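Asks: Pasting the sequence and the predicted coordinates here, then a few questions.
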Amino acid sequence: MSSGRQALSARPPRPARSRQWPRKPPLPSNPTRLRQRRLQQLFHLSAEGSWEGREGMMLKSAFVAVCALMVVLVTSSGAHAQVGIEPPPPADTQSATGVSFESGAFSYDITDLAIGGPEPDEGLALTRRYSSNLSVAFSSGYKVQGWTHSLHASVSTKKLPTSGRPPLPGREPYLYSVSIGNRSVGFLGGSSNPTGGLVGTYTPVFGGSEKLVYSGTEQAGTFTFTDKDGTIAVITDLRVTSLTYPSGVTLTYNYDGQGLLKSIFSTRGYALLFEGAGRWTKACAVNLSEFLVTAFSACPAGVQSVSYGYSPDNLTLTSATNRVNQIAYYEYVSAGSRNHLSCVKPAGTTSCSITNQYNICQRDPTLTQDPPGLREMDQVIWQGTATGETFTYSFPANPVCPKQTYGNAVTITANDGTGRSVITNKSGSPTSLVDELGRQTLTTYPNALYNLNSPFPNSVAFPEGNSIQYQYDGRKNLVQGTMIGKPGSAVSDIISSASYPTTCTTAATCNKPTSFTDARGYTTTYGYYDFGEIKYQLSPPDQNGISPGKFYSYAQRYAWVKSASGYSPAGAPIWVLTSESNCRTSAMDPNSGACASGSADQVVTTYDYGPDGGPNVLLIRGRVVSSAGTSLRTCYGYDSNGNKIFETSPRAGLSVCQ
């Protein structure tokens, strides 16, 4: 049994997340989300029903990287009233049951803890992640092969293939991969030597606007990663020490003397605490306005928590127990020096929701011993579900590891006899999808440095000959999508486009569109504040020549948390949405939000976050809608975890929410 999670927010809702523990229902849609759906419809091009049916879902996830670009040009990040284009990050693609098409590895996610609103700007969440090809070096606090979590960040390196004269030792070309949660961005070398030097500024592999700078010496120093939305990660001694988001929210990571992560504190007023010596045995989420804790505190009594169990040899994570003593169990199959997850029993169940069987990847016979990570290359070859479905995965004959150098191919056969096939390139992106009727969808990608494949597609050709083509600017923002009809049809090309700043002086704004022109030629324009939030939106002119607009205002506020002397601000201030307004009949001034017909024509919604004092984690306490001299106030209340527990009916004459 599960329920959703609903923390009131002045932000468009994020997609629902899969959760192991009961959560609240998702937030209702608002005008920003409805606008996003309209834009999705404008950019959508049907694949002629190729995703229909149960088996169709098997490859739908493989097409995420393409469809995210194909169906949406202007998206919301879930932050305030924000608008932006966010092409999918370079990512492995996988089946609906968690098998990577590129590597054959199995992956699985489950959220153990969540507090406050949508993370990271309004709350915190700990999502535990398993991948059968993940080294123990990336497992963070679990210290077992395969398991990591959503707040883990790291920088890893690997040598790239070369041709011609061999490079000098230590000056081989290296790929530096910055990984934060599910997002990964690749860079080449440092400016001191583009193919091996460590100190300096790095070059994005795929030409985006992300930045990676290493300062210090080659023996000791700090990586600073700036994402395309302005998020900054600081990684010292290969451990993330802070994540700072454009909203001002900062996550601070604290480690013990052995390098084990012991806590994450958010300036929003929440924290995650981790217990255990050498590895995590317990984690909890804390509302800092109610509990006084330090970076190395144990979990307070009564807070939401999860406890972890391990095998006697501490090589596998075998269980996770929530605060109401529901236990999830995990079973493994031995594969030499590694153990692969073979059975997942979700909390409250006694049978495997998913069962895996793996092949055994053989080493090159010219080697005298197994290379590092050989067992991490084993592939899933069979899966079964609790509902009786089975899937067989057939990969190209490749008895010697590592995997194919130039991509992979997999055929998926269900127990009803239907089958589908996927071919991926070296970056794991799908280039060919063939459904059970033999219909093929082809996707092309440009080459990048060192002949790597870009994750941003040039085009997608559908089974009946219709297609879509994409164009990007120099920072890899999607600037145009062209839908081309079937051969012989009289349908003209359908073009939608977006405009971006020509130069990037402020990372928080330069990758957000200043205008969007839909397939009918109607243009919507946008303006932003320097901290990345939207300032105004002007829609296409109506029949009277007036462009309907919305204007947004923000303020910096502090969360107030418990301290030894009572309450104190939680670090740096945070930008919060304080009001949004529009004009009912007249034109709006995009610089001030004023209506041409005066204030009587204005509709204003204001948000109340409570007093500048504690306790206060800046959840919305009241919402006031004012129009034509009448103001209606709605009040809200929450529990310790940020779950909304009451909402009043809109009332006139109510001056404040208690």
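Replies: On my side now, so go ahead.
Asks: which non-adjacent residue is nearest residue 223?
Replies: Spatial nearest neighbour of residue 223, chain neighbours left out: residue 235 (4.3 Å); criterion: Cβ to Cβ, 6 or more residues apart in numbering. For the C-beta atoms, the positions are set from N, CA and C on the backbone; glycine is no exception.
Asks: tell me the SS of that neighbour?
Replies: Under DSSP: H, G, I helix; E, B strand; the rest coil, the three-state class of residue 235 is strand.
Asks: Neighbours of it, how many?
Replies: By other Cβ atoms under 10 Å, 23 other residues sit near residue 235.
Asks: who does it bridge with?
Replies: residue 223, residue 240 (DSSP bridges).
Asks: That one contacts residue 176, doesn't it?
Replies: No - using Cβ atoms under 8 Å, residue 235 is not in contact with residue 176; the gap is 10.9 Å.
Asks: Now do the residue nearest in space to the middle of the chain, the pLDDT please.
Replies: Central residue of the chain (Cα atoms, centre = their mean): residue 182, 5.8 Å from the mean position. Residue 182 carries a pLDDT value of 79.
Asks: was I right about it contacting residue 149?
Replies: No - judged on Cβ under 8 Å, residue 182 makes no contact with residue 149 at a distance of 11.2 Å.
Asks: Would you map the helices across the stretch 351-500 of the chain?
Replies: Along the stretch 351-500 of the chain, counting by DSSP state H, counting those that start in this stretch, no stretch forms helices.
Asks: Extract the residue ranges of it that are flagged as low pLDDT.
Replies: Across the stretch 351-500 of the chain, the ranges flagged by pLDDT under 70 are 397-407, 448-451.
Asks: now swap in the stretch 151-300 of the chain and tell me
Replies: Checking the stretch 151-300 of the chain against pLDDT under 70 turns up 161-171, 191-196.
Asks: Would you quantify the distance from the residue nearest to the centre of the chain to residue 151?
Replies: 11 Å (Cβ to Cβ, to the nearest Å).
Asks: and residue 509, that one's in a strand?
Replies: No - read with three-state DSSP, residue 509 is helix and lies in no strand.
Asks: Is there a neighbour count for it? I'd like the number.
Replies: 25.
Asks: The one 5 residues further on now?
Replies: Residue 514 has 14 neighbours, counted by other Cβ under 10 Å.
Asks: How about residue 429?
Replies: Neighbours around residue 429, by other Cβ under 10 Å: 25.
Asks: likewise the one 10 residues further on?
Replies: When counting by other Cβ under 10 Å, one arrives at 15 neighbours for residue 439.
Asks: Name the nearest residue to it, sequence neighbours excluded.
Replies: residue 463 (3.7 Å).
Asks: Does that neighbour touch residue 434 like I think?
Replies: No - contact criterion Cβ under 8 Å: residue 463 and residue 434 do not qualify, at 9.2 Å.
Asks: residues shared between the contacts of those two?
Replies: Residues touching both residue 463 and residue 434 (Cβ atoms under 8 Å, 6 or more residues apart in numbering): 440-441.
Asks: now the helices: where do they sit in the protein?
Replies: 31-43, 56-60, 64-71, 507-510 (DSSP state H).
Asks: gap between residue 531 and residue 574?
Replies: 10 Å.
Asks: what residues do the two have in common as contacts?
Replies: 247-248.
Asks: So for those two, which sits in the more crowded spot?
Replies: Between residue 531 and residue 574, counted using other Cβ under 10 Å, residue 574 has the larger neighbour count: 25 against 17.
Asks: Roughly how far does that one sit from residue 190?
Replies: Note on residue 574: its distance to residue 190, by Cβ to Cβ, is 34 Å.
Asks: Please name the nearest non-neighbouring residue to residue 298.
Replies: Using Cβ to Cβ, 6+ apart, the closest residue to residue 298 is residue 275 (5.8 Å).
Asks: In contact with that neighbour, which residues?
Replies: Counting by Cβ under 8 Å, 6+ apart, residue 275 touches 281-283, 298-299.
Asks: Buried subset of those, written for PyMOL?
Replies: To isolate the buried members of those in PyMOL, using 16 or more other Cβ atoms under 10 Å:
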select buried, resi 283+299
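Asks: would a markdown table of the contacts of residue 275 with distance to residue 479 be doable?
Replies: Converted to a markdown table, the contacts of residue 275 look like this (distance: Cβ to Cβ, whole Å):
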| residue | distance to residue 479 |
| --- | --- |
| 281 | 50 |
| 282 | 48 |
| 283 | 43 |
| 298 | 52 |
| 299 | 48 |
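Asks: ok, so of the contacts of residue 275, who is nearest residue 480?
Replies: Among these, residue 283 lies closest to residue 480 (Cβ to Cβ), at 45.2 Å.
Asks: how deep is residue 474 tucked in, by neighbour count?
Replies: Burial of residue 474 is recorded as 12 neighbouring residues (other Cβ under 10 Å).
Asks: Same check on residue 480?
Replies: 15.
Asks: For the closest residue to residue 141 other than its chain neighbours, list the residues it contacts.
Replies: Among residues not flanking residue 141 along the chain, residue 280 sits closest, at 3.9 Å (Cβ to Cβ, 6+ apart). By Cβ under 8 Å, 6+ apart, the contact list for residue 280 reads 141-143, 260, 274, 308.
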